[in-house]
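S.K.: my questions concern the predicted model and sequence given below.
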Amino acid sequence: MEATEAYTFSTLTNLKTLELWKNKLRRVPSKLPSNMEVLKLGNNRIQVLCEADFEGLAKLKVLDLQNNKISIIQSRVLSSALRLESLILDSNRLELLTGPLKLSCLKRLSMQNNRLSSLPLNFFSFLPSLHFLSLSGNLFFKIPQELPPLLWSLKMDKNLITELKIKDLNYLRHLSELTLSENHISTTNNALTLSNLSTVDLSKNQLKAVPTGLPSHLRMLDCSHNFIRKITLQELSGVCGLKHLFLEYNNITVIDLDARQHCLQLSDLALEQNHLSSFPKGLPDTLVRLDLKGNNIKDICKETVKNLKRLQVLNLRSNRLSSLNSEVLAYFPRLRRLYLDGNPWNCTCDLIKIRDLLTAKQMEIKSGDCATPAYYQGETWLSSTKILNNCGYNIWHGMKGKAFLESYAKVSLNHDSSNIDTPTDYEDYYDYDIY
């Protein structure tokens, strides 16, 4: 549908919701009924908005115009929509707003994936009720000034911001969610001290250290894909409420937390693809998920893991482990998912003993293949009958190999074998729900 005739909807006086998604409309339908509350015109070809388009729509609450071709919005174009609460203008060609939008009831404004680099002076002075603002995917070099004081969520990822300043955010006392990923931020200048700040995303920036001055009630911090080299208590001291910390894809070689003395309550810690040569020390005993994939860890000492009794997911893929200590595994009574593939395993009979301990726990395991000795290369040590045959006598102190294999077969039948070294739709499983 490319157009609607005048008065097409005007006689439908009780019409409250109109959705005309994915058509070929070039303008907003005219003479819409005055009882209209929800109008969705996304994925069309609308280029221009006129004040007359929304004349009489005093009850309109939701207006969705995403994925059109709008480049300019005049300040009075929505002056009739006095009760508008949600305005979505994502993925248009917006370059200019000629003035403020006087929408005193507006709570949600999304203009992401456009071409905006600035906003009109006093733009937010006429949006006193705004709680959610998304300017992601634009051309802003800094955070706009004089944001609404009641703002709860601010999304400015995929812009050109290079640094934060205290004056950018310090008056936003209600701000809870801040998204600044995929910018060029190298420093935050203690601008994240807001008392109600709960979630901060600074991934894919140019940080060389974890920001300092974080609020004590912060629950999620994402600093992945940066240039951080060291994690110390200087950055995390006092952040007692932190549950989820994402630091994957950095250059971290040192972690000095001593979490127990500083009340860290981490549930999820992601350290994937860093440069750690040993299992981190001082991790909090509250950890449920720990990702150490793609580091240089060669062994695991019981001193570093003895307090991790709540751990359920442990990812050690693609490190330099060649063996496991059975005493270490005893410290993980709640472990449900263990990823070990991609390591250079030395498949001795001692390692096969570990296999028995792991399968007894009925967990999901990715064990990986043998690197040594040469005659076991390519064998999956968790399930290889070749290795089991050769080690059958050693495991049970003289039990005949045949008897061992028979008992192994019974265990395999009783155990859900789909959880062991089977392909799945995901590479690594993490459920990072914030609770």
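M.R.: That came in fine, so what should we check first?
S.K.: any regions of the stretch 251-400 of the chain where pLDDT drops low?
M.R.: Within the stretch 251-400 of the chain, the stretches with pLDDT under 70 are 258-263, 392-400.
S.K.: how about the strands in it?
M.R.: Secondary structure of the stretch 251-400 of the chain (DSSP state E, counting those that start in this stretch): strands located at 254-256, 268-270, 289-291, 313-315, 337-339, 345-346, 364-366, 370-372.
S.K.: let me see the contact set for the residue nearest to G368 when sequence neighbours are not counted.
M.R.: What sits nearest to G368 in space, not counting adjacent residues and going by Cβ to Cβ, 6 or more residues apart in numbering, is D341, at 3.3 Å. For the C-beta atoms, the positions are set from N, CA and C on the backbone; glycine is no exception. Residues in contact with D341 (Cβ atoms under 8 Å, 6 or more residues apart in numbering) are 317-318, 366-369.
S.K.: how about the strands of the stretch 251-400 of the chain, which one is nearest G282?
M.R.: Closest approach to G282 among those is made by strand 254-256 (7.0 Å; Cβ to Cβ).
S.K.: check what contacts that closest one and list those residues.
M.R.: Against strand 254-256 from outside (Cβ under 8 Å, 6+ apart): 229-233, 271, 276, 280-282.
S.K.: and those, which are buried?
M.R.: Applying 16 or more other Cβ atoms under 10 Å to these, the neighbour count classes 230-231, 233, 271, 276, 280, 282 as buried.
S.K.: quick check: the farthest pair among the residues you listed?
M.R.: Spatial extent of the buried ones among the contacts of strand 254-256 (Cβ to Cβ) is set by the pair L233 and L276 at 17.4 Å.
S.K.: I'd say R93 and N114 touch.
M.R.: Yes: the pair R93 and N114 passes the contact test of Cβ atoms under 8 Å, sitting 6.8 Å apart.
S.K.: neighbour count winner among these two?
M.R.: Higher neighbour count among R93 and N114: N114, with 20 against 13, using other Cβ atoms under 10 Å.
S.K.: what's near enough to touch the more buried one?
M.R.: N114 makes contact with 89-95, 137-138 under the criterion Cβ under 8 Å, 6+ apart.
S.K.: in helices only, show me those.
M.R.: Counting by DSSP state H, none of the members of the contacts of N114 fall within helices.
S.K.: mind giving me a markdown table with those residues and columns for pLDDT and distance to P29?
M.R.: As requested, these are arranged in a markdown table below (pLDDT from 0 to 100; distance: Cβ to Cβ, whole Å):
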| residue | pLDDT | distance to P29 |
| --- | --- | --- |
| L89 | 98 | 18 |
| D90 | 98 | 21 |
| S91 | 98 | 21 |
| N92 | 98 | 18 |
| R93 | 97 | 21 |
| L94 | 97 | 21 |
| E95 | 96 | 25 |
| G137 | 98 | 28 |
| N138 | 98 | 29 |
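S.K.: so which of those is the closest to P128?
M.R.: Of all the contacts of N114, P128 sits closest to L89, with 19.7 Å by Cβ to Cβ.
S.K.: on that earlier part again, of the contacts of D341, grab the buried ones for ChimeraX.
M.R.: Selection of the buried residues among the contacts of D341 in ChimeraX, burial being defined by 16+ other Cβ under 10 Å:
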select :317,318,366,367,368,369
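S.K.: leaving out chain neighbours, which residue sits closest to I354?
M.R.: L324 is the one closest to I354 (Cβ to Cβ, 6+ apart), at 4.8 Å.
S.K.: same thing with P148?
M.R.: L130 (4.2 Å).
S.K.: then P215?
M.R.: Spatially, and ignoring its direct neighbours in sequence, P215 is nearest to L197 (5.0 Å; Cβ to Cβ, 6+ apart).
S.K.: got it, and N113?
M.R.: G137 (3.9 Å).
S.K.: what lies in contact with the strand or helix carrying D168?
M.R.: Element membership for D168, per DSSP states H and E: helix 166-169. The contact list for helix 166-169 (Cβ under 8 Å, 6+ apart) reads 142-143, 145, 175, 178, 189-194.
S.K.: ok now that helix, how far from the chain's centre?
M.R.: 25 Å (Cα atoms, centre = their mean, to the nearest Å).
S.K.: related to what we said a few turns ago, just put the contacts of N114 in JSON lines and tack on distance to I252.
M.R.: Output for these, formatted as JSON lines (distance: Cβ to Cβ, whole Å):
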{"residue": "L89", "distance to I252": "40"}
{"residue": "D90", "distance to I252": "35"}
{"residue": "S91", "distance to I252": "36"}
{"residue": "N92", "distance to I252": "40"}
{"residue": "R93", "distance to I252": "41"}
{"residue": "L94", "distance to I252": "39"}
{"residue": "E95", "distance to I252": "41"}
{"residue": "G137", "distance to I252": "29"}
{"residue": "N138", "distance to I252": "31"}
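S.K.: how about the contacts of helix 166-169 in CSV, adding secondary structure, neighbour count and distance to T348?
M.R.: CSV is the format used below for the contacts of helix 166-169 (DSSP: H, G, I helix; E, B strand; the rest coil; neighbours: other Cβ atoms under 10 Å; distance: Cβ to Cβ, whole Å):
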residue, secondary structure, neighbour count, distance to T348
K142, coil, 15, 59
I143, coil, 20, 58
Q145, coil, 13, 65
L175, coil, 24, 56
L178, strand, 24, 51
N189, coil, 14, 54
N190, coil, 14, 53
A191, coil, 19, 54
L192, coil, 23, 50
T193, coil, 16, 54
L194, coil, 21, 54
